[in-house]
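A.B. asks: Could you look at this predicted model? Sequence included:
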Amino acid sequence: MAQSIIIIAEHFEGELRPVTYELVGFALELQKFCPAKIKMLILGDDVAGLAQDAATHTGLDVVAVIVPALTTYNLEVYKGILSERLPDLDPVYICMAHTTQGADLAPPLAVRIKAACITGVVQVSGEKDRVSFARDMYAGKVVATFESTSERRILTLQPGSLPSPVFDHPAPVAVETWTATYLAKQSMSRGIKPPKETNAALTEAEVVVSAGKGVGKKENLQIIDNLSRLWPGSAVGGSRPVCDSGWLEYRQQVGTTGATVAPKLYVACGISGASQHIAGMRGSGFIVAINRDSGAAIFNVADVCVVEDLITFIPCLIEEHRKQSI
């Protein structure tokens with residue numbers, strides 16, 4: 001059987017998550033070094049229509065794995081089915097998103113199918129017989145490069161690392177359907193409880209001003225709010241440590257476990273630049289970073305870098321803006 005590059009799709013409430021299309025771009029990059037056929041797997045109870053939409057949109061071979069009663073992701077079921085079916089496809093690479101689902105599934109599945117596991121990949125490079133995978137470490141201050149000699153590799157892609165490819169009228173393809181029965185014995189879904197408030201204001205804003213632990217204390221968030229008021233319709237966001245500290249609500253969190261934003265302007269205030277946060281704002285049109293640490297990882301993605309104490313700099317910036325507006 002010919003070798004393959006497998007994409008494990010993520011979906012929710014009948015729609016593919018945007019990161020699935022980023023995985024398609026990732027698989028296409030891998031295909032430059034490994035001329036294997038790309039195949040997308042979508043697992044669930046009612047995914048035939050979703051699989052057909054994915055195939056029509058991407059032009060890729062898509063397999064709808066029909067699993068009765070599997071309405072939401074379940075580690076036990078995914079691991080059981082994939083460990084049984086994947087070897088038949090002779091996968092060289094198995095691609096997942098570095099989300100809560102991918103981080104949950106990749107390691108135990110790698111053990112089951114005897115594959116190497118490299119997580120949080122942000123870039124792929126190399127040659128045909130030697131492919132390297134880069135990932136951020138130490139809160140993004142170091143980029144480590146990994147290689148694997150294993151015949152199979154499970155890779156999780158950091159969301160926001162690669163753009164989704166443009167699909168220009170792909171040729172229609174047929175969807176393959178598998179039926180699998182796997183009853184979870186150790187875990188079950190109790191349903192999904194939506195949050196009382198959404199992050200729509202954050203994701204739809206053209207300007208986002210975000211706060212990190214560099215603001216020092218909760219009371220200093222007033223400075224961030226004052227800065228955001230320079231732009232009508234802007235929104236205030238924050239890094240996970242700020243939200244974990246209770247300084248901002250979780251609906252305002254930007255990053256892998258929060259919102260993914262792509263405003264015209266993103267202002268990062270006192271944010272170090274952990275890979276999880278950068279993944280949530282990398283698609284911003286123009287990025288300004290304010291941090292007194294000149295080695296902060298956020299400066300690696302910023303268009304304008306301000307090395308200064310934000311408590312000193314932001315009031316001066318606001319005052320200068322006021323003078324220019326008079």
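C.D. replies: That came through fine. Nothing here was measured: the structure is a model prediction, and the numbers come from that model.
A.B. asks: The nearest residue to I8 once chain neighbours are set aside sits in which helix or strand?
C.D. replies: Of all residues not flanking I8 in the chain, M96 sits nearest, at 4.8 Å (C-beta to C-beta, 6 or more residues apart in numbering). Yep, even glycine has a C-beta here, placed from its N, CA and C like the rest. Secondary structure assignment for M96, by DSSP states H and E: strand 91-97.
A.B. asks: Could you list every helix and strand in contact with that strand?
C.D. replies: strand 4-8, helix 18-31, helix 100-113, strand 153-157 (3 or more C-beta pairs under 8 Å, 6 or more residues apart in numbering; DSSP states H and E).
A.B. asks: Need these in a markdown table (columns: distance to T177, mean pLDDT and mean neighbour count).
C.D. replies: Formatted as a markdown table, the entries for those read as follows, by distance: least, C-beta to C-beta, whole Å; pLDDT from 0 to 100; neighbours: other C-beta atoms under 10 Å:
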| stretch | distance to T177 | mean pLDDT | mean neighbour count |
| --- | --- | --- | --- |
| strand 4-8 | 17 | 97 | 25 |
| helix 18-31 | 19 | 93 | 21 |
| helix 100-113 | 22 | 95 | 17 |
| strand 153-157 | 24 | 96 | 27 |
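A.B. asks: Make a markdown table from the ones you listed and add distance to G80 to it.
C.D. replies: What follows is the helices and strands packed on strand 91-97, written out as a markdown table (distance: least, C-beta to C-beta, whole Å):
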| stretch | distance to G80 |
| --- | --- |
| strand 4-8 | 14 |
| helix 18-31 | 22 |
| helix 100-113 | 9 |
| strand 153-157 | 16 |
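A.B. asks: related to what we said a few turns ago, and the residue nearest to I8, how many neighbours?
C.D. replies: For M96, the tally of surrounding residues (other C-beta atoms under 10 Å) stands at 27.
A.B. asks: now E206
C.D. replies: By other C-beta under 10 Å, 14 other residues sit near E206.
A.B. asks: Please look at it and A235 and confirm they touch.
C.D. replies: No. Between E206 and A235 there is no contact, the gap being 9.1 Å when judged by C-beta atoms under 8 Å.
A.B. asks: Looking at the top helix by length along the chain now, give me its mean pLDDT.
C.D. replies: Secondary structure of the chain read by DSSP state H shows that its longest helix is helix 310-325. Throughout helix 310-325, pLDDT has a mean value of 91.
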